[in-house]
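S.K.: need a 3D model of the sequence below.
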Amino acid sequence: MAVRSARQVTRWTHESAVRVIHEAGLEPLEPYPGRTTLPWRCRCVACGAVVAPNLNNLSRGLSRGCRYCSARADKESGSEHTRWTHETASVIMRAAGVEPLDPYPGTDKPWRCRCAACGHEVTPMLSMVRRGASKGCKYCGGRAPVNAEVAVADMRAAGLEPLEPYPGHTASPWRCRCTRCGSEVTARLQKIRAGEGCCKRCGVKASAAARSADAAQAAALMRAAGLEPLEPYPGGNHRPWRCRCMTCGEEGMPTRANVSRGQGGCVRCGIEINAALRLGDAEQAVVDMVTAGLQPLDAYIGVNKPWHCRCIRCGSEVWPRLAHVRNRGGGCITCGYAAAKAKQRTDPDQAEREMRRAGYLPLEPYPGAVHTWRCTHMPCGQEVRARLSKIRRGEGACRYCASYGFNLLNPAVVYALHNSALGAVKVGITGGDERIGKYVRNGWTLIHSAGFTAGAAAWAVEQAVLRHIREEMKFSNFLTADQMGVQGGWTETFDADLLPPDGLWQLIEQEQNRLEFR
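M.R.: The predicted structure is shown next:
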């Protein structure tokens, strides 16, 4: 009885599938579909046509890739008009190892032949043999149905006892029992013939046995690590093995795998070693702190614990960590802030040059980039207070030359308003009558107003009045932004019961006389 030879099972990956596609002169247009029998959209490198062969036909020679190029090649070579005879067809069949028994029937019809190797009578087709899709004899090619008795014999030879009849196909699941461990498994004859196993329990045992070391070698490894085995080798790298530490005498259950990786086997000794490593050398720790400008005041207790020290530079008492000092190079907060401030501070000469280039002449020493600096705006000659940080951003600092908002050079008015419904009074300045008219239309009454030839004088009087009310009289804003709405000005409103309308106007006149603006 002939036994079918095992057929190679190809494990296709995206890379191996693309390689077959490239060998056929094609370029994939999408990822590998995952199955060899599915169409795979590709572009022919030669003619540019889009085709969809499947990997199964390409790997078996049933397809040459691009059907347009194949048809063109057959037409040019004249192969599509070949007239087969019994003699010429027999040459092809004999080359495949089969001897024809009947006259030639045609390229796509079964042709009764006898296999020269196994003697079986088969019926291959000439077209299939020519393309390589058939090897002639299905028994020798591994495509013939498997005899049930042969299948059972193959499974028993692999250590499996079938629990049900042969399912009829090599790739079908077949319920069996493992004769080694007694486990019930589901096997496939196709994988068994390919040399694969199916019993997971036996596979794990075999893998563990392959990784397991010799008992004498394992004991020598443990002794070299300072451990004395107290029981025989358990037979596995990851199995606990009762040992005694020869350093501290502590019993433990390490595994050979951990010891072989250098992890050690004694928990107590490991804790002490790690603590010593974290603590480090005390003398070197003191040297590192002194190098960083810190004088230790207490004994060294560890790299990650606060250490009481005195800064050699400024004399401050600090508690830095050695790890931070080693990583950052410093441990005094006071000196750190001073160093950062020195880095951010601009050289006074450089700051003055920048202000002059922007058109501002400093009238006092440089106070810092974010502080106001009393200067003279050279284009208009007015004294202003500018910030270097704003000048660097391209912003202006002269309210006299500003093309927006309140103009300090044009005539202006200081006014006082009263709203009886809201119980509030208000002081303000404006360069025209439109702003006062807006308030009047919204329920406010004009108490009095005073005109000035320059807006700067009006602004100075208003600021003096607000300063007096807020700082000396201790009155805060009375209305909110929601109550004032779009007309604005809520920050200059006050309670009319605390500051009557006539009292507000008297205060305005008082500040006007004090500033000598008439």
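
S.K.: ok, His22 - how many residues close by?
M.R.: His22 has 14 neighbours, counted by other Cβ atoms under 10 Å. (C-beta placed from N, C-alpha, C; glycine too.)

S.K.: what's the answer for the one 3 residues further on, then?
M.R.: When neighbours are defined as other Cβ under 10 Å, Gly25 has 15 of them.

S.K.: that one is in contact with Ala46, isn't it?
M.R.: Yes: contact criterion Cβ atoms under 8 Å: Gly25 and Ala46 qualify, at 5.8 Å.

S.K.: shared neighbours, those two?
M.R.: Jointly contacting Gly25 and Ala46 under the rule Cβ atoms under 8 Å, 6 or more residues apart in numbering are Cys66, Cys69.

S.K.: show me where pLDDT drops low in the stretch 301-450 of the chain?
M.R.: Scanning the stretch 301-450 of the chain with the threshold set as pLDDT under 70 gives 342-345, 402-408.

S.K.: ugh, typo on my part, it should be the chain
M.R.: Flagging of the chain using pLDDT under 70 yields the residue ranges 1-10, 74, 76-82, 142, 210-213, 276-280, 342-345, 402-408, 517-518.

S.K.: which residue ranges make up each domain of it?
M.R.: 14-79, 82-131, 148-206, 212-275, 280-341, 348-392, 412-514 (automatic domain parsing).

S.K.: now those domains in CSV, with distance to Tyr400?
M.R.: Below are the domains of the chain laid out as CSV (distance: least, Cβ to Cβ, whole Å):
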stretch, distance to Tyr400
domain 14-79, 71
domain 82-131, 97
domain 148-206, 90
domain 212-275, 72
domain 280-341, 33
domain 348-392, 4
domain 412-514, 7
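
S.K.: out of the ones you listed, flag the one nearest Lys138.
M.R.: domain 82-131 (5.8 Å; Cβ to Cβ).

S.K.: the closest one: how far from the chain's middle?
M.R.: Mean C-alpha position of domain 82-131 versus that of the full chain (Cα atoms, centre = their mean, to the nearest Å) differs by 62 Å.

S.K.: and for stretch 53-60?
M.R.: Put simply, stretch 53-60 sits 39 Å off its chain's centre (Cα atoms, centre = their mean).

S.K.: hmm, who's touching that stretch?
M.R.: 10, 12, 17, 20-21, 24, 26, 32, 36-40, 42, 62-63, 65, 67, 132-133.

S.K.: mind running it again at 6 Å?
M.R.: Contacts to stretch 53-60, defined as Cβ atoms under 6 Å, 6 or more residues apart in numbering, come from residues Ala17, Val20, Ala24, Thr36, Thr37, Pro39, Ser63, Ala133.

S.K.: of those, buried ones?
M.R.: Using 16 or more other Cβ atoms under 10 Å as the burial test, the contacts of stretch 53-60 include Ala17, Val20, Ala24, Thr36, Ser63 as buried.

S.K.: what sits against the first one?
M.R.: Shown here is Ala17, whose contacts under the criterion Cβ under 6 Å, 6+ apart are Tyr32, Leu55.

S.K.: quick check: next helix or strand after the host helix or strand of it?
M.R.: Assessed by DSSP states H and E, Ala17 sits inside helix 14-23. Per DSSP H and E, the first helix or strand lying C-terminal to helix 14-23 is strand 26-28.

S.K.: show me what counts as buried in that following strand.
M.R.: For strand 26-28, burial by neighbour count (16+ other Cβ under 10 Å) applies to Leu26, Pro28.

S.K.: the very next helix or strand once past it pairs with which strands, parallel or anti?
M.R.: Downstream of strand 26-28, the first helix or strand assigned by DSSP H and E is strand 42-44. Next to strand 42-44 in the sheet, as set by DSSP bridges, lie strand 26-28 (antiparallel), strand 50-51 (antiparallel).

S.K.: using PDB, list the CA coordinates for the next helix or strand after the last one.
M.R.: Once the chain leaves strand 50-51, the next helix or strand it forms, by DSSP H and E, is helix 55-60. In PDB, the C-alpha atoms belonging to helix 55-60 read as follows (Å, rounded to 0.1, in the frame of the first residue of the first chain):
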ATOM      1  CA  LEU A  55      -1.000  34.000  -4.700                       C
ATOM      2  CA  ASN A  56      -2.000  30.400  -4.900                       C
ATOM      3  CA  ASN A  57      -2.000  30.400  -8.700                       C
ATOM      4  CA  LEU A  58       1.300  32.300  -8.900                       C
ATOM      5  CA  SER A  59       3.100  30.000  -6.500                       C
ATOM      6  CA  ARG A  60       1.900  26.900  -8.300                       C
END
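
S.K.: and the gap between Arg43 and Leu446?
M.R.: Between Arg43 and Leu446 the computed distance is 85 Å (Cβ to Cβ, to the nearest Å).

S.K.: ugh, wrong one, Ala386
M.R.: According to Cβ to Cβ, Ala386 stands 36 Å off from Leu446.

S.K.: likewise Met128?
M.R.: The spacing between Met128 and Leu446, counted by Cβ to Cβ, is 110 Å.

S.K.: neighbour count for these two, which is higher?
M.R.: Taking other Cβ under 10 Å, Met128 and Leu446 do not tie; Met128 has more neighbours (17 against 13).

S.K.: now do the helices in the stretch 151-300 of the chain.
M.R.: Taking DSSP state H, counting those that start in this stretch, the helices of the stretch 151-300 of the chain run over residues 189-193, 200-211, 215-224, 256-260, 267-279, 282-291.

S.K.: can you put those helices in CSV and add distance to Cys314 and mean neighbour count?
M.R.: Formatted as CSV, these follow (distance: least, Cβ to Cβ, whole Å; neighbours: other Cβ atoms under 10 Å):
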stretch, distance to Cys314, mean neighbour count
helix 189-193, 78, 20
helix 200-211, 63, 12
helix 215-224, 55, 14
helix 256-260, 51, 18
helix 267-279, 29, 12
helix 282-291, 15, 14
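
S.K.: out of those, flag the one nearest Gly368.
M.R.: Evaluated with Cβ to Cβ, the helices of the stretch 151-300 of the chain place helix 282-291 nearest to Gly368, the distance being 32.7 Å.

S.K.: that closest one - contacts with which helices or strands?
M.R.: Applying 3 or more Cβ pairs under 6 Å, 6 or more residues apart in numbering; DSSP states H and E, we find helix 282-291 packed against no helix or strand.

S.K.: what are the contacting residues of it?
M.R.: Residues from elsewhere that reach helix 282-291 (Cβ under 6 Å, 6+ apart): Pro296, Tyr300, Leu322, Arg326.

S.K.: try stretch 326-333
M.R.: Contacts of stretch 326-333 (Cβ under 6 Å, 6+ apart): Asp288, Ala292, Leu294, Cys311, Ser316, Val318, Pro320, Val325, Gly336.

S.K.: sorry, back to before: columns distance to Lys426 on top of the contacts of helix 282-291, output as JSON lines?
M.R.: Shown next, in JSON lines, are these (distance: Cβ to Cβ, whole Å):
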{"residue": "Pro296", "distance to Lys426": "65"}
{"residue": "Tyr300", "distance to Lys426": "68"}
{"residue": "Leu322", "distance to Lys426": "63"}
{"residue": "Arg326", "distance to Lys426": "63"}
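
S.K.: wait, which of those residues is closest to Glu251?
M.R.: Closest approach to Glu251 among the contacts of helix 282-291 (Cβ to Cβ): Tyr300, at 34.2 Å.

S.K.: mind listing the strands for the stretch 351-500 of the chain?
M.R.: 360-362, 372-377, 382-387, 412-419, 424-430, 445-452, 493-495 (DSSP state E, counting those that start in this stretch).

S.K.: partner strands of the fourth one, parallel or antiparallel?
M.R.: The strands beside strand 412-419 in its sheet (DSSP bridges) come out as strand 424-430 (antiparallel), strand 445-452 (antiparallel).
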